[in-house]
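A.B. asks: Sequence first, then the predicted structure, then my questions.
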Amino acid sequence: MISVIIPVFNEEKFLPRCLESLKNQKFKDFEIIVVDNNSTDKTAEIAKKFNVILVSEKKSRSSLCKE
């Protein structure tokens, strides 16, 4: 099994097409993980409709860097 990880931020316009394309693949031994960086649009709702693993990330990537 493989994991397809999709980082998103306000991608309601493009996420449905991306997820639909993945769901239509002939290879089926994979999971889809959508990592939402606190979107303000309907990105999370769309991900939930596609029954994927949704992770809500409240920190920005730059906050993970240590000085």
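C.D. replies: Looks like it arrived, so ask away.
A.B. asks: From now on I want contacts and neighbour counts done on CA atoms only, so please keep to that.
C.D. replies: Noted.
A.B. asks: List the buried residues for the longest helix anywhere in the chain?
C.D. replies: When the chain is parsed with DSSP state H, its longest helix is helix 15-23. Buried residues in helix 15-23, defined by neighbour count with 16 or more other CA atoms under 10 Å: L15, P16, L19, L22.
A.B. asks: shaky segments in the chain?
C.D. replies: Scanning the chain for pLDDT under 70 picks out 59-67.
A.B. asks: need the contact list for the residue nearest to the spatial centre of it.
C.D. replies: Central residue of the chain (CA atoms, centre = their mean): V34, 2.0 Å from the mean position. Neighbouring residues of V34 by CA atoms under 8 Å, 6 or more residues apart in numbering: I5, I6, P7, V8, A47, V52, I53, L54, V55.
A.B. asks: Confirm it sits in a helix?
C.D. replies: No. Counting by DSSP: H, G, I helix; E, B strand; the rest coil, V34 falls outside a helix, being strand.
A.B. asks: Can you tell me the closest non-neighbouring residue to N37?
C.D. replies: Setting aside the residues directly before and after it, N37 is nearest to E57 in space (CA to CA, 6 or more residues apart in numbering), at 4.8 Å.
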